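Visitor: fold the following for me, if possible:
(one chain, ligands or ions: 1)
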Amino acid sequence: MNNFEYYNPVHIVFGKGQIAQLSQLIKPGQKIMLAYGGGSIKTNGVYDQVLAALKGYKVIEFSGIEANPQYQTCLKAAKLANDEGVDFILAVGGGSVIDGVKFIAAAARFDGDDPWDILRTSGSTLKEAIPFGTILTLPATGSEMNFNSVISRRETQEKLYFGHRCVYPVFSILDPETTYSLPANQLRNGIVDTFVHVMEQYATHDVNTPLQDRQAEAIIKTLIEQADNIMIKKEDYDSRANFLWCATQALNGLIGLGTVGDWLTHGIGHEMTAFFGLAHAETLAVIMPGVWTHFFQEKKGKLAQLARRTWHATGDIDTQAQAAIDNTVKFFHSISMPTRLSDYNLSQDAIDTIVNRFQERKKQLVAENSRALNQKWLDRYWIYADNYYSNVISAYFDDFFRSS
Ligand SMILES: [Zn+2]
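Guide: Numbering: from 1, shown residues only. Here you go, the predicted structure:
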């Protein structure tokens, strides 16, 4: 097991009716910015519950945070928060709204010249952010219990990550009933995103972490077991509760402690969303089986273990590992998630575009090196980019997508 530190200060408030607890969670007299997305919270009753619970507070609103939250939108919100002297932000929505609020909270207190530097340095130069809480309405990203955020910039077709301890939510309210009105494609996307978050931390190489492995497998097995009820039954409290908690557990840091992470599937997937507009989970379902196939030799030990414990696979290691890939694809299909680029009418040009992006980014990193951005971050990213993104990706695309 590798060395690790674990720190997670997020106060989780789970269960039906818990939105009413807001006044216990936010200090009296604070000025709150209520931030949300396209307005679905107004039709599913969540908005009314929130306003009722915030009676007595000064509340301003910022709506319109997109799926794949946009940089320019978040900057507008950060300006509003500063102009209005907001003390606290309440994010109500799914991972996109929460990711957006993390950036808004950080950008509002950022003392550098260009807030884009927060993303270019992956958050390593941040010092503080406006405190915020979340009410989660779409289980998927785990953003409610971590400090990760991914922001998109339309003008440059970029989608970049940042993270910092100052953007842990103060609290997150998880009420399974808020998920009842979600359409099937969002439920499907949430299940796949959760599945892949677990696997990006699991399907690498074994460093003797049997507890973390079994915690990861427990999430996968629970997802598979609950998937039918999540997808078919509209107001099934128990399956939604289990789904919510799986999604949170998948990316609150716990299952990855001391293990070796990968995140290559997410790295490629973010580019696919930035260029071609596929939903985040749609990109993951196309890419991950390919990553596993391409890195079969490196990953087969963990994949075989997953297959034995999850699908009772037998045979030699290669056969078992292949069973993990086949059963994962089958599971994605069972919840109507496509797994091929051709399902989205994307062709050779799309592959070249993404390969070029990784090559450009490598060149850009060399140029930026001379500007002495955060050196530690740059060194780490450089190694990552060099090993994975630049050299391997082309071969990976050759092997997988061109034959698909
Ligand atoms: Zn994800």
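
Visitor: ok, the closest residue to Lys31 other than its chain neighbours - contacts?
Guide: In space, and not counting its chain neighbours, Lys31 is closest to Lys58: 4.4 Å by Cβ to Cβ, 6 or more residues apart in numbering. In short, each C-beta sits where N, CA and C put it, glycine included. The neighbours of Lys58, taking Cβ atoms under 8 Å, 6 or more residues apart in numbering as the test, are Gln30, Lys31, Ile32.

Visitor: just the strands in the stretch 101-250 of the chain please.
Guide: 132-136, 148-153, 158-163, 171-174 (DSSP state E, counting those that start in this stretch).

Visitor: helices and strands around the first one, which ones?
Guide: Other elements packing on strand 132-136 under the criterion 3 or more Cβ pairs under 8 Å, 6 or more residues apart in numbering; DSSP states H and E are strand 88-93, helix 95-108, strand 171-174.

Visitor: just those: most buried one?
Guide: helix 95-108 (a mean of 29; mean count of other Cβ atoms under 10 Å).

Visitor: how big is the angle separating that helix from strand 132-136?
Guide: Between the axes of helix 95-108 and strand 132-136, defined by axes from the mean of the first three to the mean of the last three Cα atoms, to 10 degrees, the angle is 170 degrees.

Visitor: extract the CA atoms of helix 95-108 and return them as CSV.
Guide: Listed next in CSV are the C-alpha coordinates belonging to helix 95-108 (Å, rounded to 0.1, in the frame of the first residue of the first chain):
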residue,chain,number,x,y,z
GLY,A,95,-22.2,17.7,-10.4
SER,A,96,-22.2,20.5,-13.0
VAL,A,97,-23.7,23.0,-10.7
ILE,A,98,-21.5,22.0,-7.8
ASP,A,99,-18.4,22.0,-9.9
GLY,A,100,-19.4,25.5,-11.2
VAL,A,101,-19.9,26.8,-7.7
LYS,A,102,-16.5,25.5,-6.6
PHE,A,103,-15.0,27.6,-9.4
ILE,A,104,-17.3,30.6,-8.6
ALA,A,105,-16.3,30.4,-4.9
ALA,A,106,-12.6,30.3,-5.8
ALA,A,107,-12.7,32.9,-8.6
ALA,A,108,-14.5,35.4,-6.3
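
Visitor: averaged pLDDT, that helix. What do you get?
Guide: When pLDDT is averaged along helix 95-108, the result is 97.

Visitor: show me how far that helix is from its chain's centre.
Guide: 13 Å (Cα atoms, centre = their mean, to the nearest Å).

Visitor: what does stretch 127-134 give?
Guide: Distance of stretch 127-134 from its chain centroid, counting by Cα atoms, centre = their mean, is 18 Å.

Visitor: for the nearest residue to Val13 once chain neighbours are set aside, give me its contacts.
Guide: If the residues on either side of it in the chain are set aside, Val13 comes closest to Ile173, at 4.8 Å by Cβ to Cβ, 6+ apart. By Cβ under 8 Å, 6+ apart, the contact list for Ile173 reads Val13, Phe14, Gln18, Ile19, Gln21, Leu22, Leu25, Gly133, Thr134, Ile135, Leu136.

Visitor: looking at those, which has the most residues close by?
Guide: Leu136 (31 neighbours; other Cβ atoms under 10 Å).

Visitor: now render the strands of the stretch 101-250 of the chain as JSON lines, adding mean pLDDT.
Guide: JSON lines is the format used below for the strands of the stretch 101-250 of the chain (pLDDT from 0 to 100):
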{"stretch": "strand 132-136", "mean pLDDT": "98"}
{"stretch": "strand 148-153", "mean pLDDT": "93"}
{"stretch": "strand 158-163", "mean pLDDT": "88"}
{"stretch": "strand 171-174", "mean pLDDT": "98"}
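
Visitor: the ones you listed: which one's closest to Gly112?
Guide: Nearest to Gly112 among the strands of the stretch 101-250 of the chain is strand 158-163 (13.0 Å), distances taken as Cβ to Cβ.

Visitor: please export the C-alpha coordinates of that closest one as CSV.
Guide: C-alpha atoms of strand 158-163 as CSV (Å, rounded to 0.1, in the frame of the first residue of the first chain):
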residue,chain,number,x,y,z
GLU,A,158,-11.2,23.3,-23.4
LYS,A,159,-12.3,21.3,-20.4
LEU,A,160,-9.9,21.5,-17.4
TYR,A,161,-9.7,20.2,-13.9
PHE,A,162,-8.9,22.0,-10.7
GLY,A,163,-8.9,21.0,-7.0
